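Enquirer: predicted model and sequence follow; I will ask about them next.
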Amino acid sequence: MEPFPVPGQIELAERTAHTARRVRLVCFLALGFIVTPLVAADPDGASIFKQHCAVCHEASSVTRAPDRGALALTSPETIVRALESGLMREQGSSLSTTEKREVAGYITGRVLGQSTAPDLGQCAAQRPAFSTAGPSWNGWGVDLNNSRFQTAAQAGIGVAEVPRLKLKWAFAFPDAYISNGQPTVIGGRLFVPSANRRLYSLDAKTGCQYWAFEADAPVRSSPTIAAIVGQRTRNVAFFGDRRGTAYAIDAETGESIWKTKVDETGQSAGIGGAPAYYDGRLYVPLTAAGEGSIDLKAVCCRSRGALAALDAATGRVLWKTYTIPEEPRITGQNKAGTPMWAPSGASIWSSPTVDVERKVIYAGTGDNFSDPPTNTSDAILAFDMQTGKIVWAKQLTAGDAYTVGCRMNNKAGCPDSNGPDFDIGAPPILVKLASGRRVLLVSQKSGIAHALDPDRNGQILWEYRVGRGSPLGGIQWGSAADGVNMYAANSDISFTKPSFDQTEKRVLDPTRGGGLFAISIATGEKIWAAAPPSCGTRLFCSPAQSAAVTTIQGVVFSGSEDGHIRAYSTRDGSVIWDYDTAQGYTAVNGVPAKGGSLDCPGPVVAGGMLYVASGYGSYGGQPGNVLLAFSIDGQ
C-alpha cells in the first residue's frame, strides 16, 4: 500500500491555491473517458464529488462508470491511489492532495488509514510444490481455439451431478465493487485477477491464499500458465493490466520475472483480454482509449488497438501490429474548435485465437472512435504468427464510429457516423467438424452469430440472429462450442430511458434482454432457444445474459445480470440448476463479501469444481466482490 500524507502536513497555501484553480476532471470509463470542465470548490468531499464526478458517476447507465454506491465498496486509499497513480491519474492530476482525500472519504464514508483488510485465509506454511499436473482450465477459452468447452475428464462434473452443486467456499476481493476477472485453474491452484490491481493464487479446493501480486493498474486479463525454459525451468503466469503492461510471474511463488509496457504511445491503451501462449511466444491484445469522450474541448481520438507478440522468456516485443495501419492525424475541428484526430479505435477486447495448423492468430476488433470509419473495425483479423502481418480481414459491420457521447441528448463528442457500436468483444472460436471442415465462429454485439471460413479469407458460411443488438446488447463476451453446437447468450441490456438526461436517472429495464441459443455449427440452424430469465420484483435487475458462457458434456452454464448462474441441458435448453449469487457471504479471507450481477467472465469448470465471479457495479448493475466455488454436495 502506497504511503499517503496526513492532513497536518498539507500546507494551507496549497488549500487556498487549489480552491481558486479551474480544473478539468476526467471520469474513467470501462471503454474510455468522459471529460467535463468545472471550477474547483472548497476541499469538501460532497461538493467536490457533485461538481467534478457526479456527471459521470451518477449516470452509470450511460457512462458505464461505477455509481457512488458501488465505489463505496472500495477504500479511500484505493480511490486516492487511483487518482494519483492508477487508472484515474489523468483525472486526478488537477486536484490537490486535500481534494483527493476529501472526495475519497466522502465516497467511502471512511477515513484514510482505517481501511486495513484482514490478513486471513493464508495457506499453511508447509505447501506442496506447484505442478501443472491434473485437471485445468488455462486462460480465457480453456484451449487455443477458445472453445470454452471442458471435456468430461477435465471437468469432473457430469449432467447427473450438476443439480447437486452446492457452495463450498467464497473468496472476497478487498476494495473492489466489481468481480470481472475469470480465474485460471491448474495444478490444484487458482490464479484470479482483480480490479484492486492484484493477481491472487488460491488453493482450488479450499480457497486459501498462497500469494498475491500487485500490478500497476487493475487487472481483468485471465492469466495464462506456461512452462518457460531458461537458467531453470519454471511455470509462469502471464497476464496484462488496464494500462497496457504485460507481466510474467512465477506461478509457484508470485515473484516477478519481467514486465513489459506493450503500449508506449502514451494514449492509455490497455490489456483486457487474456494473452495467448504458443511455442515460446505470448500474443497480447490491446484496447484503445477514447470511446468515452463527451467533452468538445477534449482531443479525440489518437489511440488504436493492436496485437503484439512477446518473447515469453524475456518479455521482449517481437512484433506489434496495429489494427488500423494508418497513423492518426488531425482531420479537422469540432464545434468547439478542438482538433479532431483519425483514424482511431478498433480495439481488441478479448483473447486471440491460435490456429496451429495455418500458423495464424485470429482476433476480433471493436468500433472506431472518430470519422471516417476504417475497414478493419468490427472485423475479424488474421495475423501471420511469425511476422504479425495481417493476412486477411473480414469486416462484419461497416461504417461504425462511436463514442459514449452518441448516447447523450446533445450528442457531444459523437462522430457523424453515430455507431451502431457493434464491437466484436468475444474471441472467435475455431472448430473442426467431423467432416474435416474448419469453421470460425464469431459472436458480435449486433446480436448476430457468424460462421466464417478461415481457409477462404473469412468467407461467411452462415449467420444467425439471437438478439436486436445495441451498445450493450447482442452477444457481448463470448459463446461456447462443443464441436456440434454453438451456444450463444443474448445480452440486449435495455434501460427505461433511451438517452441521458441529467434531470432523470435511467435504470435497467427488467423486461427486455436475455435468452440462450443452441445453433448447429454445420448449418447455422437453431436447435433450441431458452427463454430469458425473469427479474420478478428484484430491483436494479436485467434479464440480460451478457457474461461469457461455458459448456461441458451435456450442460451449458450461463450467468445473468439478475445475479443468477444457471445450468441448461444441451439437449433441450431446460434449466437443470439455478443459484442466486446476489447475496452476502462469509469469505474464507475474512473480507466482507457480496455477490451481484454476472457479467464479462464466464464460469470455469475443472477438477469437480465450478467457479463463478459475481458482482458488476457498472451501468446500473448490482455491485459485488466475490469469487464463488461450487462442488458436488459442497464436498
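Expert: On my side now, so go ahead.

Enquirer: ok, now which ones touch the nearest residue to Thr151 once chain neighbours are set aside?
Expert: Closest residue to Thr151 apart from its sequence neighbours, by C-beta to C-beta, 6 or more residues apart in numbering: Gln553 at 7.2 Å. The C-beta positions use only the backbone N, C-alpha and C, and glycine is treated the same way. Going by C-beta atoms under 8 Å, 6 or more residues apart in numbering, Gln553 touches 151-152, 155, 158-159, 482.

Enquirer: likewise Gly364?
Expert: By C-beta under 8 Å, 6+ apart, the neighbours of Gly364 are 348-350, 379-381, 423-428, 442, 444.

Enquirer: circling back to that earlier point, need the contacts of Gln553 in CSV (columns: neighbour count, pLDDT and distance to His564).
Expert: Formatted as CSV, the contacts of Gln553 follow (neighbours: other C-beta atoms under 10 Å; pLDDT from 0 to 100; distance: C-beta to C-beta, whole Å):
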residue, neighbour count, pLDDT, distance to His564
Thr151, 13, 97, 26
Ala152, 12, 96, 25
Ala155, 23, 98, 21
Gly158, 13, 96, 22
Val159, 16, 97, 19
Asp482, 22, 97, 23
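
Enquirer: export those residues to TSV and append columns for secondary structure and distance to Thr224.
Expert: What follows is these, written out as TSV (DSSP: H, G, I helix; E, B strand; the rest coil; distance: C-beta to C-beta, whole Å):
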residue	secondary structure	distance to Thr224
Thr151	coil	19
Ala152	helix	23
Ala155	helix	20
Gly158	coil	27
Val159	coil	29
Asp482	coil	22
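
Enquirer: and which of these is nearest to Val588?
Expert: Lowest distance from Val588 to those (C-beta to C-beta) belongs to Ala155, with 23.2 Å.

Enquirer: ok, that closest one - contacts?
Expert: 135, 552-553, 605-606, 608.

Enquirer: one more: Ile576?
Expert: Going by C-beta under 8 Å, 6+ apart, the list of residues near Ile576 reads 159, 162-163, 555, 567-569.

Enquirer: the same query, at a cut-off of 10 Å, please.
Expert: For Ile576, the contacting residues are 159-160, 162-163, 554-556, 566-569, by C-beta atoms under 10 Å, 6 or more residues apart in numbering.

Enquirer: so of the residues you listed, which ones are in strands?
Expert: 555-556, 566-569 (DSSP state E).

Enquirer: and which of the residues you listed is nearest to Trp258?
Expert: Val556 (38.2 Å).

Enquirer: which strand residues bridge the closest one?
Expert: Counting by DSSP bridges, Val556 forms beta bridges with Thr551, Tyr568.

Enquirer: could you dump the contacts of Gly364 to TSV with pLDDT, neighbour count and distance to Leu516?
Expert: Shown next, in TSV, are these (pLDDT from 0 to 100; neighbours: other C-beta atoms under 10 Å; distance: C-beta to C-beta, whole Å):
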residue	pLDDT	neighbour count	distance to Leu516
Ile348	98	26	26
Trp349	97	24	22
Ser350	97	28	20
Ala379	98	25	26
Ile380	98	24	23
Leu381	98	27	28
Asp423	97	27	21
Ile424	98	32	20
Gly425	96	27	18
Ala426	97	30	15
Pro427	98	32	19
Pro428	98	31	20
Val442	98	27	18
Gln444	98	25	17
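
Enquirer: list just the nearest of those to Ala104.
Expert: Closest to Ala104, out of all of these and judged by C-beta to C-beta, is Trp349, at 29.6 Å.

Enquirer: hmm, Val442 and Val431 touching each other?
Expert: No. The pair Val431 and Val442 does not pass the contact test of C-beta atoms under 10 Å, sitting 11.5 Å apart.

Enquirer: where's the closest residue to Ser194 other than its chain neighbours relative to Gly109, distance?
Expert: Closest residue to Ser194 apart from its sequence neighbours, by C-beta to C-beta, 6+ apart: Phe173 at 4.5 Å. Between Phe173 and Gly109 the computed distance is 19 Å (C-beta to C-beta, to the nearest Å).

Enquirer: who has more neighbours, those two?
Expert: Shown here are Phe173 and Gly109; by other C-beta atoms under 10 Å, Phe173 has more neighbours (29 against 9).

Enquirer: if I look at the more buried one, how far off is Lys445?
Expert: Distance from Phe173 to Lys445, by C-beta to C-beta: 27 Å.

Enquirer: you'd agree Asp378 is up against Gln395?
Expert: Yes. Counting by C-beta under 10 Å, Gln395 is a contact partner of Asp378 at 6.2 Å.

Enquirer: can you give me the buried ones in stretch 390-404?
Expert: 390-397, 399-404 (16 or more other C-beta atoms under 10 Å).

Enquirer: as JSON lines, those with pLDDT would be great.
Expert: Below are these laid out as JSON lines (pLDDT from 0 to 100):
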{"residue": "Ile390", "pLDDT": "98"}
{"residue": "Val391", "pLDDT": "98"}
{"residue": "Trp392", "pLDDT": "98"}
{"residue": "Ala393", "pLDDT": "98"}
{"residue": "Lys394", "pLDDT": "98"}
{"residue": "Gln395", "pLDDT": "98"}
{"residue": "Leu396", "pLDDT": "98"}
{"residue": "Thr397", "pLDDT": "98"}
{"residue": "Gly399", "pLDDT": "97"}
{"residue": "Asp400", "pLDDT": "97"}
{"residue": "Ala401", "pLDDT": "96"}
{"residue": "Tyr402", "pLDDT": "94"}
{"residue": "Thr403", "pLDDT": "89"}
{"residue": "Val404", "pLDDT": "86"}
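
Enquirer: state the pair within those residues that is farthest apart.
Expert: Longest span within the buried residues of stretch 390-404, C-beta to C-beta: Val391 and Val404, 33.0 Å.

Enquirer: contact partners for Lys411?
Expert: Lys411 neighbours (C-beta under 10 Å, 6+ apart): 294, 403, 405, 418, 499.

Enquirer: so how far is stretch 531-539 off the chain centroid?
Expert: 24 Å (C-alpha atoms, centre = their mean, to the nearest Å).

Enquirer: hmm, back to that, list the residues that contact both of Asp378 and Gln395?
Expert: Joint contacts of Asp378 and Gln395 (C-beta under 10 Å, 6+ apart) are 365, 424.

Enquirer: quick one on the thing from earlier: phi, psi of the residue nearest to Ser194?
Expert: The phi and psi values for Phe173, taken as degrees, to the nearest 10, are phi -90, psi 120.

Enquirer: which of the contacts of Ala155 are buried?
Expert: Buried among the contacts of Ala155 by 16+ other C-beta under 10 Å: 135, 552, 605-606, 608.

Enquirer: tell me which helix or strand comes right after the helix or strand containing Leu381.
Expert: According to DSSP states H and E, Leu381 maps onto strand 379-384. The helix or strand immediately downstream of strand 379-384 is strand 390-395, counting by DSSP H and E.

Enquirer: report the angle between that next one and strand 379-384.
Expert: Angle of strand 390-395 versus strand 379-384, following axes from the mean of the first three to the mean of the last three C-alpha atoms, to 10 degrees, is 170 degrees.

Enquirer: quick one: residues in contact with strand 390-395.
Expert: 307, 321-323, 325, 358-362, 365, 373-385, 424, 440, 442, 450, 452-454, 456-460.

Enquirer: are any of those residues buried, and which?
Expert: Applying 16+ other C-beta under 10 Å to the contacts of strand 390-395 flags 307, 321-323, 358, 360-362, 365, 373-374, 376-385, 424, 440, 442, 450, 452, 454, 458 as buried.

Enquirer: next step: those residues restricted to strands.
Expert: Using DSSP E, 307, 321-322, 360-362, 379-384, 440, 442, 450, 452 are the members of these that sit in strands.

Enquirer: closest to Leu167 out of the contacts of Gly364?
Expert: Looking across those and measuring by C-beta to C-beta, the closest to Leu167 is Ala426, at 28.0 Å.

Enquirer: who's in contact with that closest one?
Expert: By C-beta under 10 Å, 6+ apart, the neighbours of Ala426 are 140-141, 146, 148, 273, 349-351, 364, 441-445, 474-479, 488, 548-549, 602.

Enquirer: looking at the protein, which helix is longest?
Expert: Ranked by residue count, the top helix of the chain under DSSP state H comes out as helix 97-108.
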